[in-house]
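# Provided below are the primary sequence and the corresponding predicted coordinates.
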Amino acid sequence: MKPDTNPPGCMISIIIPVLHEQETINILLKHLSMLRTESPFEIIVVDGSSTHDTLDSITQKGVLLLSSEPGRGQQMNQGATSAKGDILLFLHADTVLPSNALESIHKILQDERLAGGAFDVDINSQKFIYKIFSRLISLRSRVTRVPFGDQAIFLRKKYFDKIGGYKEIPLMEDVELMRRIRKNGDAICLLRDRVVTSSRRWECEGIMVCTLRNWIIRTLYSLRVNPKILVRFYD
């Protein structure tokens, strides 16, 4: 499947799925407003909570606010449906883009062969173990060509629509999408620029426990265990 091309300077839609992120969302939105770019972009926040607590806490103007059934796949598809941009950038609420992120995306997608891509990642911690772990995540993504959602996946919108978007499953929606792209024989690019993602889950659960659990879940998913079963283990 040949990716549709986009001209330089086309709009990027930044889609942020959220669930009870009222303490972090305004910090993220302020950062996004300061990104270095001469091209237009829009920000879409999709809340998976019926209480809309994150949406109610947003103070920045000009942000498109949507609600959805819970689940990142559902939320990101909802955002993509409403997006006006030619490029979709899926951003987790606890992940910060490098200041030149949008410029880098525009530059790399001038290559007509690419459907999209993602970034290398740093975990936001001064502990040495997290620096090692960050490098291992980036190396794994480059070897497998399957980046995770917290690496800020971006795709051409026409391509995303053509392949059917995210599969609406309880987890592993990012892995499933990337594997589908790889199976189709389409190319993505892993940018050397680094996003910075929060260490909060690793800090809360312990890095070894969290890493082992994630490895087991990915292995079981590869063995075709139903994500509805895996999500109980993840929670």
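Yes, it's here.

# ranges for the helices of the chain?
Per DSSP state H, the chain carries helices over the ranges 25-33, 53-57, 72-82, 101-108, 128-144, 157-162, 173-183, 200-205, 207-222, 227-234.

# Rebuild these as TSV, extending it with mean neighbour count and distance to Phe90.
C-beta here means a position set from N, CA and C on the backbone, and glycine is covered the same way. As requested, those are exported to TSV (neighbours: other CB atoms under 10 Å; distance: least, CB to CB, whole Å):
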stretch	mean neighbour count	distance to Phe90
helix 25-33	17	13
helix 53-57	17	16
helix 72-82	21	5
helix 101-108	20	12
helix 128-144	14	15
helix 157-162	18	9
helix 173-183	19	8
helix 200-205	14	18
helix 207-222	14	19
helix 227-234	13	18
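
# Out of those, flag the one nearest Asp193.
Closest of the helices of the chain to Asp193 is helix 101-108, at 5.3 Å (criterion: CB to CB).

# Kindly present the helices of the chain as CSV, with separate columns for distance to Glu42 and mean pLDDT.
Converted to CSV, these look like this (distance: least, CB to CB, whole Å; pLDDT from 0 to 100):
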stretch, distance to Glu42, mean pLDDT
helix 25-33, 10, 96
helix 53-57, 16, 96
helix 72-82, 10, 97
helix 101-108, 11, 96
helix 128-144, 27, 90
helix 157-162, 12, 97
helix 173-183, 21, 94
helix 200-205, 27, 79
helix 207-222, 32, 80
helix 227-234, 30, 75
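
# hey, what's Asp47 bridged with?
Val18, Ser67 (DSSP bridges).

# In terms of pLDDT, where does Pro3 sit?
pLDDT for Pro3: 63.

# try Asp235
The score at Asp235 is 60. That number is its pLDDT.

# Kindly state the beta-bridge partners for the residue lying closest to Gly85 once chain neighbours are set aside.
Spatial nearest neighbour of Gly85, chain neighbours left out: Ser13 (3.2 Å); criterion: CB to CB, 6 or more residues apart in numbering. Under DSSP bridges, the beta-bridge partners of Ser13 are Glu42, Leu88.

# Wait, Ser134 touches Asn124, no?
No. With contact defined as CB atoms under 8 Å, Ser134 does not reach Asn124; the gap is 9.5 Å.

# burial count for Gly85?
Residues near Gly85, counting by other CB atoms under 10 Å, number 21.

# for it, what are its contacts?
10-13, 41-42, 157 (CB atoms under 8 Å, 6 or more residues apart in numbering).

# Against Ile169, how distant is the residue nearest to Pro170 when sequence neighbours are not counted?
Leaving aside its chain neighbours, Pro170 sits nearest to Val231 (3.8 Å; criterion: CB to CB, 6+ apart). Noted for Val231: a distance of 8 Å to Ile169, by CB to CB, to the nearest Å.

# Check Gln126 too.
35 Å.

# ok, the two, which is more surrounded?
The neighbour comparison of Gln126 against Ile169 (other CB under 10 Å) goes to Ile169, with 19 against 7.
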